[in-house]
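**Student:** With the sequence up front, the predicted model follows.
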Amino acid sequence: MVVAVLAVAVTVAAVRWLLAHGWVLVAIGVLAASAAGARLHRKRQRARWEAVRAQGLRYAVTQLDALHHTRFEDAVRDLMHRDGCRDAVRVGGRGDLGADVKATDPYGRRWVVQCKHRRDGLAGSPVGTPDLQVLNGTARQVHGADVAVLVTNGRVTRPAVDFAAQQRLHVVDRHTLALWASGSRPLWELLRAVPPPRRPTALS
């Protein structure tokens with residue numbers, strides 16, 4: 001009985017305090033609404049990706065090997081589009097300044113992708129540090145990249161991998177490309193240390 005009386009008294013006191021400090025209720029409401037909105041946004045993004053993946057584009061890595069290098073760039077563009085990058089575009093060609101594909105992901109991040117196709121796959125010449133140096137020199141400064149990526153269906157030298165890590169560049173080698181092209185997950189879930197989402201945009 002005493003416990004019940006105390007509980008009622010505490011509840012009444014709490015209600016009176018909250019009524020006297022209305023801003024607390026407003027703050028709690030705003031926080032709750034923000035949390036619910038964030039959960040709903042994540043749920044919608046996941047549902048959107050699952051819907052895209054279910055009907056989406058898929059490649060076997062051997063199919064990518066057989067492409068001309070310009071068609072390989074098209075394939076990378078199409079994979080970015082599949083993942084929800086609605087503005088994905090191939091810009092590769094003479095004077096591309098290290099950018100073959102540009103795209104904005106559903107989280108507002110700007111991607112700049114350099115493609116290095118090897119007709120012989122793993123047997124072809126490896127991608128080296130000079131290729132990554134070009135990307136590093138232009139991706140952010142010239143193209144405004146949040147995420148700078150080199151994609152290859154071949155090999156990448158160890159010094160090139162080390163250089164990429166030092167310069168916050170991302171390397172999609174043959175193994176990662178195979179996972180991505182198979183439709184398992186969007187590219188940003190396969191890479192480490194991708195920058196956090198920007199504020200939601202029209203693409204979100």
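**Tutor:** Yes, it's here.

**Student:** Report the rounded mean pLDDT for the helix or strand where Arg44 lies.
**Tutor:** Element membership of Arg44 [criterion: DSSP states H and E] is helix 22-55. The pLDDT scores in helix 22-55 average 67.

**Student:** do stretch 60-71 as well
**Tutor:** Averaging pLDDT along stretch 60-71 gives 95.

**Student:** Can you read off the pLDDT for the closest residue to Pro126 other than its chain neighbours?
**Tutor:** Nearest residue to Pro126 in three dimensions, chain neighbours excluded: Arg155, at 4.1 Å (CB to CB, 6 or more residues apart in numbering). (C-beta placed from N, C-alpha, C; glycine too.) Note on Arg155: pLDDT of 95.

**Student:** So Arg155 versus Asp78, what's the distance?
**Tutor:** 24 Å (CB to CB, to the nearest Å).

**Student:** cool, and Ala164?
**Tutor:** From Ala164 across to Asp78, the span is 24 Å (CB to CB).

**Student:** Which parts of this protein are helices?
**Tutor:** Applying DSSP state H to the chain gives helices spanning 2-20, 22-55, 61-65, 69-82, 129-138, 158-166, 174-181, 187-190.

**Student:** Compile these into a markdown table and extend it with columns for mean neighbour count.
**Tutor:** Listed next are the helices of the chain as a markdown table, based on neighbours: other CB atoms under 10 Å:
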| stretch | mean neighbour count |
| --- | --- |
| helix 2-20 | 10 |
| helix 22-55 | 11 |
| helix 61-65 | 16 |
| helix 69-82 | 21 |
| helix 129-138 | 18 |
| helix 158-166 | 15 |
| helix 174-181 | 18 |
| helix 187-190 | 19 |
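
**Student:** Now distance to Ala103 too, for those helices, in a markdown table please.
**Tutor:** Shown next, in a markdown table, are the helices of the chain (distance: least, CB to CB, whole Å):
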| stretch | distance to Ala103 |
| --- | --- |
| helix 2-20 | 48 |
| helix 22-55 | 14 |
| helix 61-65 | 18 |
| helix 69-82 | 4 |
| helix 129-138 | 15 |
| helix 158-166 | 19 |
| helix 174-181 | 13 |
| helix 187-190 | 10 |
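
**Student:** quick one, which of those helices is nearest to Leu122?
**Tutor:** With CB to CB as the measure, helix 174-181 is the member of those nearest Leu122 (6.2 Å).
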